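1. Pasting the sequence and the predicted model now:
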Amino acid sequence: MTNPLYWTILVGMAVLMLEQGLPVHSQGDSLADNKVMDNITVRQGETLILRCAQGDIVTHTAWLNRSSILYAGDEKWSVDPRVSLVTLNQEEFTIKIENVEMTDEGQYVCAVQTSSRPTTTVIHVLVQVPPKILDLSRDIVVNEGSNVTLTCQAIGKPEPFISWKRISSSGDLATDDDYLEIPFISRQRAGTYECTAVNDIDTDTQTVDITVNYAPTVSDGRDVGVTPGQRGVLECEADAVPEADFEWYKDDRRISNGLDGIEIVSTGSLSRLTFFNVSDGDYGNYTCVAINKLGSSYTSFLMYVVIEPTSSTLLQGPRAVQDGSGSAMGVHLHTCLFIVAFLPFLMKF
């Protein structure tokens with residue numbers, strides 16, 4: 001089977017020779033002095049320089065890419081505006097290709113016709129491509145307990161290495177794969193996940209947000225003591241995604257906001273029930289209920305009366321306690337002496 005490169009060179013040389021009226025080699029003829037140079041590696045977007053040494057007495061010269069002639073002498077055959085002539089003299093024939101693309105990779109041939117015989121120089125161009133993430137999962141919202149699969153696929157040359165990690169204080173590594181599997185996801189695994197594609201050229205990084213919905217969990221209620229006529233506040237805090245709606249009840253009756261000097265303010269995870277002037281009817285048991293589309297939770301409070309001490313109770317209270325305790329101690333002492341005195345008499349019986 002005929003080498004395709006041989007035909008490429010042969011066609012290119014034939015074109016040059018026909019233009020100049022020179023005899024064309026037959027298919028059986030060999031093209032002498034073929035030289036294979038080392039590979040040239042260039043990054044995508046850079047400029048590729050292709051040099052060919054002339055030497056001897058050169059009559060015709062050309063640069064070819066696969067089956068296309070780029071330049072024949074100083075005449076440009078390529079329609080690609082990125083290709084241009086740099087140097088053409090007796091010693092050197094150099095062209096350049098700007099903003100190299102992946103399609104520019106392959107074999108390039110410098111064909112030179114001297115006064116004696118043709119020579120060729122073959123260069124293989126390798127194009128390196130930085131990684132680029134093309135297929136990435138979108139931000140998702142799931143319910144707690146669902147199975148989650150994230151996808152991250154990238155192109156590049158060399159082939160990029162893919163890794164996932166969850167962005168957190170610990171930066172814990174998730175997996176080294178195109179796919180990240182999270183079975184029975186919990187609320188603790190919610191957050192931002194980062195996909196990284198890396199090769200020898202560069203790195204590409206993109207993120208995916210996972211929101212995990214779960215039913216409310218309400219913190220234990222804290223009982224509050226309030227003096228009549230003073231301001232009283234009950235606070236209810238709920239952990240939930242999406243954020244919970246709050247309802248307040250006194251016994252079995254739902255409390256309406258703004259009724260009888262009562263205000264309910266709910267912001268985010270916290271709800272406050274405020275009494276601006278507590279009266280006797282306000283004391284009792286209260287219930288806070290937190291609700292979202294996945295469920296509900298509640299907690300109870302007791303608002304009880306607190307009597308502020310007056311100046312008279314402050315003066316009399318300690319003395320009364322002291323007197324009361326002294327009397328009790330005296331009675332206790334007399335009782336003990338009575339038992340000790342009659343104990344020998346009782347033992348005779």
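-> Arrived safely, thanks for sending.

2. who's in contact with stretch 279-296?
-> 143-144, 213-216, 218, 221, 226, 228-229, 232, 234, 236, 238, 240-251, 255, 271, 273, 275, 297-305 (Cβ atoms under 8 Å, 6 or more residues apart in numbering). Where C-beta positions appear, they are placed from N, C-alpha and C, glycine not excepted.

3. Restricted to strands, list those.
-> With DSSP state E as the criterion, strands contain 143, 213-216, 218, 226, 232, 234, 236, 238, 240-241, 245-250, 271, 273, 275, 297-305 from among the contacts of stretch 279-296.

4. which residues touch the residue lying closest to Tyr286 once chain neighbours are set aside?
-> Sequence neighbours aside, Phe301 is the residue nearest to Tyr286 in space, at 4.5 Å (criterion: Cβ to Cβ, 6 or more residues apart in numbering). Applying Cβ under 8 Å, 6+ apart, we find Phe301 in contact with 221-224, 234, 236, 285-288.

5. what do you get if the cut-off is 7 Å, keeping everything else the same?
-> By Cβ atoms under 7 Å, 6 or more residues apart in numbering, the contact list for Phe301 reads 221, 223-224, 234, 286.

6. Name the nearest of these relative to Thr151.
-> Thr151 lies nearest to Gly221 out of the contacts of Phe301, by Cβ to Cβ, at 44.7 Å.

7. those strands in the stretch 51-200 of the chain, which residues are they?
-> 58-65, 68-72, 75-76, 83-88, 92-97, 106-114, 118-136, 140-143, 148-157, 161-167, 173-175, 179-182, 191-198 (DSSP state E, counting those that start in this stretch).

8. Pick out the shakiest of these, pLDDT-wise.
-> Sorting the strands of the stretch 51-200 of the chain by mean pLDDT places strand 173-175 lowest, at a mean of 65.

9. ok, Lys165 touching Thr192?
-> No. With contact defined as Cβ atoms under 7 Å, Lys165 does not count as touching Thr192 (9.9 Å).

10. Look at the two and report which has more neighbours.
-> Lys165 (18 against 13; other Cβ atoms under 10 Å).

11. Check the gap between the more buried one and Cys195 for me.
-> Going from Lys165 to Cys195 by Cβ to Cβ, to the nearest Å gives 9 Å.

12. and what of Gly106?
-> Gly106 is 31 Å from Cys195, by Cβ to Cβ.

13. So if I had to pick from the two, which one is more boxed in?
-> Cys195 (24 against 12).

14. Just give the nearest non-adjacent residue to the more buried one, would you?
-> Computed as Cβ to Cβ, 6+ apart, the closest residue to Cys195 that is not its neighbour in sequence is Cys152, at 3.6 Å.

15. burial of the one you found, as a residue count?
-> Cys152 is flanked by 24 other residues according to other Cβ under 10 Å.

16. What are the buried residues along stretch 217-232?
-> The neighbour-count check on stretch 217-232 (16 or more other Cβ atoms under 10 Å) flags 218-219, 221, 224, 226, 232 as buried.

17. shaky segments in this structure?
-> 1-37, 56, 169-174, 310-349 (pLDDT under 70).

18. now Val148, which residues is it bridged with?
-> Under DSSP bridges, the beta-bridge partners of Val148 are Ile182.

19. just checking, it touches Phe184?
-> No. Here Val148 lies out of contact with Phe184, judged by Cβ under 7 Å, at a distance of 9.2 Å.

20. between the two, who's got more neighbours?
-> Neighbours around Val148 and Phe184, counted as other Cβ under 10 Å, are more numerous at Val148. The numbers are 18 against 10.

21. quick one: that one and Tyr249, what's the gap?
-> Remark: distance between Val148 and Tyr249 (Cβ to Cβ) = 37 Å.

22. Just the residues contacting stretch 246-263, thanks.
-> Contacts with stretch 246-263, where a contact means Cβ under 7 Å, 6+ apart, come from 236, 264, 266, 271, 273-277, 284-291.

23. Nothing else from me, thank you.
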